[in-house]
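*Asks:* Generate coordinates for the sequence data below:
(chains A and B)
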Amino acid sequence: MKLGVGIGWRAEIDLTVERLDVDFVEVVAENLHVGHLPESVLLLRERGVPVLPHAVSLSLGGAEPVDPRRVAHLGALAEALDAPFVSDHVCFVRAGGLDSGHLMPLPRTRDALDVLVANVRSAQADLPVPLALENVAALLEWPDGELTEGEFLAELVERTGCLLLVDVANLYANARNLGTDVDRFLDEIPLERLAYVHVAGGVEHQGVYHDTHAHAVLPEVLDVLARLRERVDPPGVLLERDDDYPSDADLAGELAAIRAVLG
Amino acid sequence: MTEPQRERLAAAQAGLLRALLADGTPPAGFDPERLRVEARSLLNKRRGVVAALRPDVAAELADRFRPLFDEYARAHPRRDGTRFREDAAAFAEWATARGELTPPRRRRWWRRGT
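*Replies:* Sure thing, here's the model as predicted:
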């Protein structure tokens, strides 16, 4: 399915998103109620713009089984928006009774992969549409990793049949912060299972790259997108901006820069 | 069956979150500096969300907001199942109880007379 170039819909920039005339948008599933969808989202649907629900709270890589209510909400949203698929992350959010409030990286061990696979299968069984899973940005590395990140994702796809949402900014962050080999990652993951791609901005602070979604997209991140483009023509590429919103012209410029890389 | 894997993973993930969110013992094998960076990043995110939800509280506390919030946050890690809105309200109550924040003048109707 060809999606094109899109942007993350956020309530704070709803009019901007409508004006930017993008090919598709993504909504954060936890921010919406199926019963009263924002007028702007409904308008985009009326225009025929695909709206993809993107979840941040399933904690699929957590040790606990997935919460069926969270999966049901995501599924109901997919049906209400007539979305071709939904997504969440390869991460855990909660553990030991605490909520990190963030997408925490998983240990790349067989144990973690077995639990993730079981949780993903359980979510898939309750979802009306395919599930895509996204690589996250990490500031720290778990000890005793048994697989590279690319191998971990490839095996996840092989065992669950899920789609991949590749975030090139997160991949860049891991290359900068953890020494992940970008080309090896892109060679190891099954790009034929690519649903779409995320691009986002960030900032370096005291030698660590932070994936903030509140700064401009770095040329280095567009370079990672170019290296992905050398291997595959991605079905879609979506710009994520979550804070410190720039002018419409700046966002349009970032979308144009993405289009230029895609050629 | 994934029970043994789940148990091992649960212990590892809980240990990491305790270290990052509740001043727990740093788990073995992690770079201590990266644990500090991650802990600070999670705290910054949490503080930013609370400031966005309660700009009135952040404005009244001004320069004191950051140190006070950080003290509150370390003593009150967010429990699984709580919302950021509840976190923001709990912080406002905590700061009020400490005498750092003016108690709300107009009580809600259901609290009148109590």
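*Asks:* Strands along chain A, start to end?
*Replies:* Under the criterion DSSP state E, strands of chain A are mapped to A:4-8, A:24-28, A:51-54, A:86-89, A:92-95, A:98-104, A:131-134, A:163-167, A:194-200, A:203-205, A:208-210, A:236-240.
*Asks:* Of those, which is nearest chain B?
*Replies:* Closest to chain B of the strands of chain A, according to C-beta to the nearest C-beta: strand A:92-95, at 3.6 Å. From N, CA and C alone the C-beta is placed, and that goes for glycine too.
*Asks:* List the pairing partners of that closest one within its sheet, with orientation.
*Replies:* Sheet pairing of strand A:92-95 (DSSP bridges) gives strand A:98-104 (antiparallel).
*Asks:* what would the strands of chain A look like in TSV with mean pLDDT?
*Replies:* Output for the strands of chain A, formatted as TSV (pLDDT from 0 to 100):
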stretch	mean pLDDT
strand A:4-8	98
strand A:24-28	98
strand A:51-54	98
strand A:86-89	98
strand A:92-95	97
strand A:98-104	96
strand A:131-134	98
strand A:163-167	98
strand A:194-200	98
strand A:203-205	94
strand A:208-210	95
strand A:236-240	98
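*Asks:* helix/strand/coil for B:Arg85?
*Replies:* With DSSP: H, G, I helix; E, B strand; the rest coil as the basis, B:Arg85 sits in helix.
*Asks:* Count the neighbours of the nearest residue to it once chain neighbours are set aside for me.
*Replies:* Excluding the flanking residues, the one nearest B:Arg85 by C-beta to C-beta, 6 or more residues apart in numbering or on different chains is B:Leu53, at 6.0 Å. Per other C-beta atoms under 10 Å in any protein chain shown, the neighbour tally for B:Leu53 reads 18.
*Asks:* One more: A:Leu131?
*Replies:* By other C-beta under 10 Å, the residues close to A:Leu131 number 26.
*Asks:* The one 4 residues further on too?
*Replies:* Counted with other C-beta under 10 Å, residues neighbouring A:Asn135 total 26.
*Asks:* Return the residues of chain B in contact with chain A.
*Replies:* Listed as neighbours of chain A in chain B under the rule C-beta under 8 Å from any C-beta of the partner chain: B:2, B:5-10, B:12-18, B:20-22, B:28-31, B:34-35, B:37-38, B:41-42, B:45-46, B:48-49, B:77-82, B:84.
*Asks:* and these, which are buried?
*Replies:* Applying 16 or more other C-beta atoms under 10 Å in any protein chain shown to the residues of chain B next to chain A, the neighbour count classes B:2, B:5-6, B:8-10, B:12-18, B:20-22, B:30, B:34-35, B:37-38, B:41-42, B:46, B:77-78, B:80 as buried.
*Asks:* among the residues you listed, which are in helices?
*Replies:* Among these, DSSP state H puts B:5-6, B:8-10, B:12-18, B:20-21, B:34-35, B:37-38, B:41-42, B:46 in helices.
*Asks:* A:Arg121 contacts A:Gly161, doesn't it?
*Replies:* No. A:Arg121 is beyond contact range of A:Gly161, at 9.0 Å (criterion: C-beta atoms under 8 Å).
*Asks:* My read is that A:Arg193 contacts A:Val166, right?
*Replies:* No. Using C-beta under 8 Å, A:Arg193 makes no contact with A:Val166, being 10.0 Å away.
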